[in-house]
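# Fold the following and give me the result.
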Amino acid sequence: VQKTKAKEHFETASRLYDVGKYAEAIEEYQKAYLNVEDPVFLFNIAQCYRLSDQPAEAVRFYRNYLRRAPNAPNRAAVEGRIAEMEKLIEE
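Numbering: from 1, shown residues only. From the prediction side, this is the model:
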């Protein structure tokens, strides 16, 4: 049941993301994550925050993603995004 709910929230979130409705997509990705603890949802939330010009929140979720997925194949790219967002925060 939880996997089905997570899948539904993920699909809704992905469609919202595709049309640039990032705040709504974040809500759906969070609901998906609460149903199934998949770190990919944290990455997706971080991407939404990055694209909606909220670098501090993006950094927080990128870090959560790396903490929950220490062997992530995209680790170097995510660390690059974190550095990029921290630079924006400093400016």
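# For the rest of this, base every contact and every neighbour count on C-alpha atoms.
Will do.
# Pull the contacting residues for the nearest residue to Lys7 once chain neighbours are set aside.
Residue nearest to Lys7 in three dimensions, not counting chain neighbours: Ala32, with 6.9 Å by CA to CA, 6 or more residues apart in numbering. Ala32 sits next to Lys5, Ala6, Lys7, Glu8, His9, Phe10, Phe41 when contact means CA atoms under 8 Å, 6 or more residues apart in numbering.
# try 7 Å
Lys5, Ala6, Lys7, His9, Phe10 (CA atoms under 7 Å, 6 or more residues apart in numbering).
# distance of it from Val1?
12 Å (CA to CA, to the nearest Å).
# again with Leu42
21 Å.
# More neighbours: which of these two?
Leu42 (26 against 7; other CA atoms under 10 Å).
# The more buried one is in what secondary structure piece?
helix 39-51 (DSSP states H and E).
# Which positions within that helix qualify as buried?
Of all the residues in helix 39-51, those buried under the rule 16 or more other CA atoms under 10 Å are Pro39, Val40, Phe41, Leu42, Phe43, Asn44, Ile45, Ala46, Gln47, Cys48, Tyr49, Arg50.
# Beyond it, next helix or strand please.
Following helix 39-51 in sequence, per DSSP H and E, is helix 55-68.
# If you count neighbours, what's buried in the next helix or strand after that next one?
Later in the chain than helix 55-68, the nearest helix or strand by DSSP H and E is helix 75-90. Under the neighbour-count criterion of 16+ other CA under 10 Å, helix 75-90 has Val78, Arg81, Ile82, Met85 buried.
# Same check on stretch 15-32?
Buried residues in stretch 15-32 (16+ other CA under 10 Å): Leu16, Tyr17, Tyr22, Ala25, Ile26, Glu28, Tyr29, Gln30, Lys31, Ala32.
# What is the nearest of those residues to Arg67?
Using CA to CA, Gln30 comes nearest to Arg67 of these, at 16.7 Å.
# Next one: the closest one relative to Glu86, how far apart?
23 Å.
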